[in-house]
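> The sequence and its predicted three-dimensional model are supplied below.
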2 protein chains.
Amino acid sequence: MSINRRIILRAHPGGTPVPSDFQRIEQPVPEPGPGEMRVRNLYFSMEPAIRGWLDGKDNYFQAIPLGGVIRGPTLGVVEISNLEGFRPGDHVWGLNLWEDYSILSAETILLEKLAVDPAVPLSHYVGALGPSGLTAYVGLHDVGQVKAGDTVVISAAAGAVGSVAGQIARLRGARVVGLAGSAEKVALLKDRLGFDAAIDYRAVPDLGAAIADACPDGIDIYFDNVGGRTLDAMLPHMRDFGRVVCCGMIGDYNNQSNPTPVHNLWQVVAKQLTLRGFLLFSHMETLPQAREDLRRWAAEGRLVALENVTRGIDRAPESFCRLMAGQTVGKTVLEVDWA
Amino acid sequence: MSINRRIILRAHPGGTPVPSDFQRIEQPVPEPGPGEMRVRNLYFSMEPAIRGWLDGKDNYFQAIPLGGVIRGPTLGVVEISNLEGFRPGDHVWGLNLWEDYSILSAETILLEKLAVDPAVPLSHYVGALGPSGLTAYVGLHDVGQVKAGDTVVISAAAGAVGSVAGQIARLRGARVVGLAGSAEKVALLKDRLGFDAAIDYRAVPDLGAAIADACPDGIDIYFDNVGGRTLDAMLPHMRDFGRVVCCGMIGDYNNQSNPTPVHNLWQVVAKQLTLRGFLLFSHMETLPQAREDLRRWAAEGRLVALENVTRGIDRAPESFCRLMAGQTVGKTVLEVDWA
């Protein structure tokens, strides 16, 4: 292939993004300079954080301008390398672009050579054995300090991080209650992932009452992937000294200029709660153990790597929009369509 | 005196309490039974937490019913003791009632025999050398992990806890910015308590902009005594890994059924913040060191014990209402009028 297909931002999304906010363009395949390498991208990791870069305002990273190529983590294979330590055939992870071919260097954010187990599907390294799984692990251990007997509630529990977090919590001996947005997801959590209970938050008239039923002794850890109204509903049901693991606030990602208000923060004082936000790259010291535990659990069949894979770079926008509309299950992955 | 003057709840306050919500009654002086002691109350500690008990809804403790005597911490002196370990003349602290004479037992919450230094005004043990000062100490150290060079912002900085917290932070080598609600309080913070900067939050058009000016490098520790809008305004100005010491949310105490919403909680994830609530009695292990440091600083003249003392049990409601209206400076203390 002599062209490089790329997905650019055509319009700032008005709220939840739609595929027409994006456009596919074709450009020449780039050549790596000194200290660079060319990577053929195999998978794009669809992540809510990308949504924050689409509004033209800086958010963790620079905003993506109109006409700019969409930025996102990818898993690829090295084709040509002028970068010490990397050779053709190496599998690499990095914060790249939605395109067939990317130029990487030592400056590439999140750059990492992956030690992939050939017995494990490569796509799992985008999800349960990749940053989503590692985020779940770090959040539960370093931030939530999970222990046997804890009651753990997880929002977006059928999502990329939540589905792993719930399974880890169970492996650590906790009682796990998942929140998800459909009857199908609830069934999946209970039947396939072994959650002790699950609540369809869209179907219950009063989420707080449903949580009180599911957690009669209160919540020790709330692993929060959504923020907003759901966080608000959990706070009154936390136990004294409970921990809220603030992993993401996807509920607000589609509308950052008007985030959902939280009313029940006074519970933080009354119950001596800890709310703590974290980002994976601040917990590097935990990652070796996390990788090993996740790999072992997956190999032993004790960790289900939930993923939804869409094939075809042209369908990247569609895949991302489904994620942001809350319609996906497990890790959302785009598989680049190489012949 | 053969009567026991007591202050009871006459009406549930509608928002900020007014003196007519209270009433003085007279009853016989109580006699202690076995295992009890009679204490002559010298000082009432006026505390925002009391407000939470006046609405007829349980809040940490049982609600005070209409006609019930107001509950609050007092400092008193033992008159008659049938309780082992306490003798007439001992100074004691406890969660008692607004009345001349209280009956205490081993069951009395917060009961403590005070080792008072005769060189220190007794009223200081209600404030800077008592629970208010200890709360400031525990919040800054155990929760905020203050260290030299930190930028520390304190709300209600002219209040009982805030005025001590700011002084401790400075003694620990931090740069301290106080928020208070009048020009007089701002002057007091800077001139008398040595704050590096202070902001009259009622006078500035945009509190966030004022904070950005005062803290150009961001906030390491926000010692939050008020919650609500002020907390919301601080969150965008926190530094990465900043700590919010959630000490109180007095902004909502007058209206607990409709707490002020907080919109900027997504900053907790983006900046990896920790918000942590605490109550003094969960940090008993820190108290000996805290007492010693506070006593030494006060003796050396390095800690100003700000207090406003009102004399006369009949004026207890008035004193409390001024506290809840934000009109007081330092610790609000009621001195019982013994002849």
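That came in fine, so what should we check first? Numbering: from 1, shown residues only, chains lettered A, B, ... in the order given.
> For residue B:232, see how far away the closest residue to chain B within the stretch 201-339 of chain A is.
Shortest the stretch 201-339 of chain A-to-chain B distance, computed as C-beta to the nearest C-beta: residue-wise this is residue A:261, at 3.0 Å. For every residue, glycine as well, the C-beta is placed using N, CA and C. Separation of residue A:261 from residue B:232 (C-beta to C-beta, to the nearest Å): 9 Å.
> Mind checking which of these two has more residues around it?
Each of residue A:261 and residue B:232 has its neighbours counted (other C-beta atoms under 10 Å in any protein chain shown); residue B:232 has more, 21 against 17.
> Quickly note the distance from the residue of the stretch 201-339 of chain A closest to chain B to residue A:83.
Per C-beta to C-beta, residue A:261 is found 47 Å from residue A:83.
> before we move on, back to that, residue B:264 is in contact with the residue of the stretch 201-339 of chain A closest to chain B, correct?
No. With contact taken as C-beta atoms under 8 Å, residue A:261 and residue B:264 are classed as non-touching, separated by 9.5 Å.
> For chain A, list the residues in contact with chain B, please.
Taking C-beta under 8 Å from any C-beta of the partner chain as the measure of proximity, chain A contacts chain B at A:59-60, A:227, A:231, A:241, A:246-249, A:252, A:256, A:258-279, A:282.
> Sketch out the low-pLDDT regions of chain A for me.
Judged against pLDDT under 70, the low-scoring parts of chain A cover residues A:1, A:59-60, A:250-258.
> Okay, domains of it per the record?
A:3-127+A:305-335, A:131-281 (automatic domain parsing).
> The last one spans what distance, first to last residue?
The reference is to domain A:131-281. For domain A:131-281, the first and last residues are 10 Å from each other (C-alpha to C-alpha, to the nearest Å).
> same thing with stretch A:220-231?
Using C-alpha to C-alpha, the end-to-end distance of stretch A:220-231 comes to 14 Å.
> List the buried residues of it.
By neighbour count with 16 or more other C-beta atoms under 10 Å in any protein chain shown, stretch A:220-231 contains the buried residues A:220-228, A:230-231.
> now swap in stretch A:10-22 and tell me
Across stretch A:10-22, burial judged by 16+ other C-beta under 10 Å covers A:10, A:13, A:17, A:19, A:21-22.
> Same question for stretch A:135-150.
In terms of neighbour count (16+ other C-beta under 10 Å), stretch A:135-150 has its buried residues at A:135-144, A:146, A:150.
> from the residues you listed, which two are the most distant?
Of all pairs drawn from the buried residues of stretch A:135-150, the one with the largest separation by C-beta to C-beta is A:135 and A:150; the distance is 18.8 Å.
> With adjacent residues omitted, what lies nearest to residue A:33?
residue A:82 (7.0 Å; C-beta to C-beta, 6 or more residues apart in numbering or on different chains).
> distance of that neighbour from residue A:114?
Here the distance between residue A:82 and residue A:114 works out to 20 Å (C-beta to C-beta).
> which one of the two has more residues nearby?
More crowded of residue A:82 and residue A:114, by other C-beta under 10 Å: residue A:114, with 17 against 13.
> where's the nearest residue to the more buried one once chain neighbours are set aside relative to residue B:68, distance?
Nearest non-adjacent residue to residue A:114, counting by C-beta to C-beta, 6+ apart: residue A:91, 4.4 Å away. Separation of residue A:91 from residue B:68 (C-beta to C-beta) stands at 70 Å.
> what ranges do the strands span in the stretch 201-339 of chain A?
Under the criterion DSSP state E, counting those that start in this stretch, the stretch 201-339 of chain A carries strands at the ranges A:219-224, A:238-246, A:274-277, A:307-311, A:331-335.
> is it possible to export those strands to JSON lines including distance to residue A:211?
Shown next, in JSON lines, are the strands of the stretch 201-339 of chain A (distance: least, C-beta to C-beta, whole Å):
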{"stretch": "strand A:219-224", "distance to residue A:211": "7"}
{"stretch": "strand A:238-246", "distance to residue A:211": "10"}
{"stretch": "strand A:274-277", "distance to residue A:211": "17"}
{"stretch": "strand A:307-311", "distance to residue A:211": "27"}
{"stretch": "strand A:331-335", "distance to residue A:211": "26"}
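> what number of residues lie near residue A:100?
Close neighbours of residue A:100, defined as other C-beta under 10 Å, add up to 22.
> Residue A:8: which element?
strand A:3-9 (DSSP states H and E).
> And that strand, what's buried?
Under the neighbour-count criterion of 16+ other C-beta under 10 Å, strand A:3-9 has A:4-9 buried.
> Would you mind checking which of these is nearest to chain B?
Closest to chain B out of these is residue A:9 (21.1 Å), distances taken as C-beta to the nearest C-beta.
> Residue A:21 versus the closest residue to the closest one other than its chain neighbours, what's the distance?
Excluding its sequence neighbours, the residue lying closest to residue A:9 (C-beta to C-beta, 6+ apart) is residue A:64, at 5.1 Å. Between residue A:64 and residue A:21 the distance is 11 Å, computed by C-beta to C-beta.
> shared neighbours of those two, anything?
A:9, A:54 (C-beta atoms under 8 Å, 6 or more residues apart in numbering or on different chains).
> still on that earlier bit, from memory the residue nearest to residue A:33 sits against residue A:88, does it?
No. Using C-beta under 8 Å, residue A:82 and residue A:88 do not qualify as a contacting pair, with a distance of 11.2 Å.
> Count the neighbours of residue A:296 for me.
Around residue A:296 sit 11 other residues, with neighbours defined as other C-beta under 10 Å.
> show me what contacts it?
By C-beta under 8 Å, 6+ apart, no residues touch residue A:296.
> And it, how close does it get to residue B:313?
With distances taken as C-beta to C-beta, residue A:296 is found 69 Å from residue B:313.
> Test my guess that the residue nearest to residue A:114 contacts residue A:76.
Yes. In this structure, residue A:91 sits in contact with residue A:76. The criterion is C-beta under 8 Å, and the distance is 7.5 Å.
> These two: which has the busier surroundings?
Of the pair residue A:91 and residue A:76, residue A:76 is the one with more neighbours under other C-beta under 10 Å, namely 25 against 17.
> Setting the sequence-adjacent residues aside, check what's closest to that one.
Closest residue to residue A:76 in three dimensions, ignoring its sequence neighbours and counting by C-beta to C-beta, 6+ apart: residue A:39, at 3.8 Å.
> residues in contact with the one you found?
Under the criterion of C-beta under 8 Å, 6+ apart, the contact partners of residue A:39 comprise A:74, A:76-79, A:92, A:94, A:96, A:101-104.
> Could I get these in JSON lines, plus columns for distance to residue A:160 and secondary structure?
Below are the contacts of residue A:39 laid out as JSON lines (distance: C-beta to C-beta, whole Å; DSSP: H, G, I helix; E, B strand; the rest coil):
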{"residue": "A:74", "distance to residue A:160": "15", "secondary structure": "strand"}
{"residue": "A:76", "distance to residue A:160": "19", "secondary structure": "strand"}
{"residue": "A:77", "distance to residue A:160": "22", "secondary structure": "strand"}
{"residue": "A:78", "distance to residue A:160": "25", "secondary structure": "strand"}
{"residue": "A:79", "distance to residue A:160": "28", "secondary structure": "strand"}
{"residue": "A:92", "distance to residue A:160": "20", "secondary structure": "strand"}
{"residue": "A:94", "distance to residue A:160": "18", "secondary structure": "strand"}
{"residue": "A:96", "distance to residue A:160": "18", "secondary structure": "strand"}
{"residue": "A:101", "distance to residue A:160": "25", "secondary structure": "strand"}
{"residue": "A:102", "distance to residue A:160": "22", "secondary structure": "strand"}
{"residue": "A:103", "distance to residue A:160": "27", "secondary structure": "strand"}
{"residue": "A:104", "distance to residue A:160": "23", "secondary structure": "strand"}
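> All set now, cheers.
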